[in-house]
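[1] Output the structure for:
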Amino acid sequence: MSSVIRRATPVRRALALTLCLRANTEGSAENGRFRPGAAADIGPLRATSRSYCSRMSLTKGLLFRQLFELETSTYTYLLADAETKEAILIDPVLETIDRDLKLIHELGLNLKVAVNTHCHADHITSTGLMKKRLVGLRSAISKFSGASADILLSEGDKITFGKHYLTVRETPGHTDGCVALVSGDQSVAFTGDALLIRGCGRTDFQQGCPEKLYKSVHQKIFTLPDQCLVYPAHDYLGQTVTTVGEERKFNPRLTKSLEEFVKIMNNLNLPKPKKIDTSVPANLICGVHKV
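    Purely as a prediction, here's the structure:
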């Protein structure tokens, strides 16, 4: 079985790395990253104009789109086999369901699986509603998430689409049900909220545990090749991609010792996500609810 994305050439890899804008030490309060201007009670910096970002894959035969939801700064990823037109969608958001379905229709794709990297607290997934509008679509989430889905994922499972696939790596810590999805050749990883660009997900609710998160990132993500591209579930500063090597060197939290990391995470004192009281119950039932 072919891998999802072949290793980029040095020139293309350098181009991909330029998408990483700068090494930030601060970020959003809602996902637990450092917050710019917090001392002055200034809200987090956010990209204000991106609603649709796209980037063609460097792999022959693979279609790849990176999509952006503005309110919660969530990335949704669409991957498809260009020959068979089979596709998967990662972390779809309810508010952008029409945009996503329109793109899928325009590209002539057959969406097979919509997968959530974890049970989100800041937005409601569109997976349940999307299943009602696309015949044959199946939902997927970790078996440890406590959520309902057609496919309950475990370590080592493969999500296939055409000749491509992503492999599941369990990365608990932000929640018990967090997973990273890694291409067959380990050149690309979709890391959800476990590893962000110069940040990580918070650990103060939904079974959060800083010790688990630290070990998950170091054992399941930082063991990937340095050049492996990392696509997170969120970014609040306009950044689109990073690499394992960059985060291993420059991540302001995960470069610390375990003890230092735990201390940082236990003293963030962040407000809870605005939509947590509606998002979590809805996401536990695949986002199917009254809206």
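[2] Only C-alpha atoms from now on, for both contacts and neighbour counts.
    OK.
[3] Let me see the contact set for the nearest residue to Thr74 once chain neighbours are set aside.
    Closest residue to Thr74 apart from its sequence neighbours, by C-alpha to C-alpha, 6 or more residues apart in numbering: His234 at 4.6 Å. Applying C-alpha atoms under 8 Å, 6 or more residues apart in numbering to His234 gives the contacts Thr72, Ser73, Thr74, Tyr75, Gly192, Asp193, Leu196.
[4] pLDDT score for the first one?
    According to the model's per-residue confidence, Thr72 sits at a pLDDT of 95.
[5] For burial, what's the neighbour tally of it?
    When neighbours are counted by other C-alpha atoms under 10 Å, Thr72 registers 19.
[6] repeat for the second one
    Neighbour count for Ser73, taken as other C-alpha under 10 Å: 22.
[7] That one touches Gly238, doesn't it?
    No - counting by C-alpha atoms under 8 Å, Ser73 stays clear of Gly238, with 9.0 Å between them.
[8] hang on, the earlier thing: which one of the contacts of His234 is nearest Asp176?
    Ranked by distance to Asp176 (C-alpha to C-alpha), the contacts of His234 are led by Asp193 at 11.8 Å.
[9] was I right about the closest one contacting Ala233?
    Yes - applying C-alpha under 8 Å, one finds Asp193 in contact with Ala233, separated by 5.7 Å.
[10] So which residues of the stretch 1-150 of the chain form strands?
    Secondary structure of the stretch 1-150 of the chain (DSSP state E, counting those that start in this stretch): strands at 62-69, 74-81, 86-90, 110-115, 138-142.
[11] I'd like these laid out as a markdown table, including mean neighbour count.
    Converted to a markdown table, these look like this (neighbours: other C-alpha atoms under 10 Å):
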| stretch | mean neighbour count |
| --- | --- |
| strand 62-69 | 21 |
| strand 74-81 | 24 |
| strand 86-90 | 22 |
| strand 110-115 | 24 |
| strand 138-142 | 23 |
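[12] can you tell me which of the ones you listed comes nearest to His123?
    Each of those has some distance to His123 by C-alpha to C-alpha; the shortest is strand 74-81, at 8.5 Å.
[13] to the chain's geometric centre, what's the distance from that closest one?
    Averaging C-alpha coordinates over strand 74-81 and over its chain gives two centres that are 10 Å apart (C-alpha atoms, centre = their mean, to the nearest Å).
[14] For it, give me every contacting residue.
    By C-alpha under 8 Å, 6+ apart, the surrounding residues in contact with strand 74-81 are 61-69, 86-93, 109, 161-164, 232-235.
[15] tilt between that strand and strand 110-115?
    Put simply, strand 74-81 runs at 140 degrees to strand 110-115, going by axes from the mean of the first three to the mean of the last three C-alpha atoms, to 10 degrees.
[16] what's the angle from strand 74-81 to strand 62-69?
    Put simply, strand 74-81 runs at 160 degrees to strand 62-69, going by the same axes, to 10 degrees.
[17] pull the helix or strand with minimum mean pLDDT from the protein.
    Here the helix or strand of the chain ranked lowest by mean pLDDT, DSSP states H and E is helix 10-17, holding a mean of 38.
[18] Next one: Arg133 from Gln186, what distance?
    Separation of Arg133 from Gln186 (C-alpha to C-alpha, to the nearest Å): 33 Å.
[19] Settle it for me: which of these two has more neighbours?
    Neighbours per residue (other C-alpha under 10 Å) separate Arg133 from Gln186, with Gln186 holding more: 21 against 10.
[20] what's that one in contact with, if anything?
    Residues in contact with Gln186, defined by C-alpha under 8 Å, 6+ apart, are Leu224, Pro225, Cys228.
[21] Tell me the confidence at His289?
    56.
[22] Helices of the protein, residue ranges please.
    Assigned by DSSP state H, the chain shows helices spanning 10-17, 97-106, 127-133, 210-216, 244-250, 258-265, 276-284.
[23] ranking those helices by burial, who's on top?
    helix 210-216 (a mean of 22; mean count of other C-alpha atoms under 10 Å).
[24] Identify the residues contacting that helix?
    The contact list for helix 210-216 (C-alpha under 8 Å, 6+ apart) reads 170-174, 194, 203, 254, 258, 261-262, 265-266.
[25] Fine by me, we can end here.
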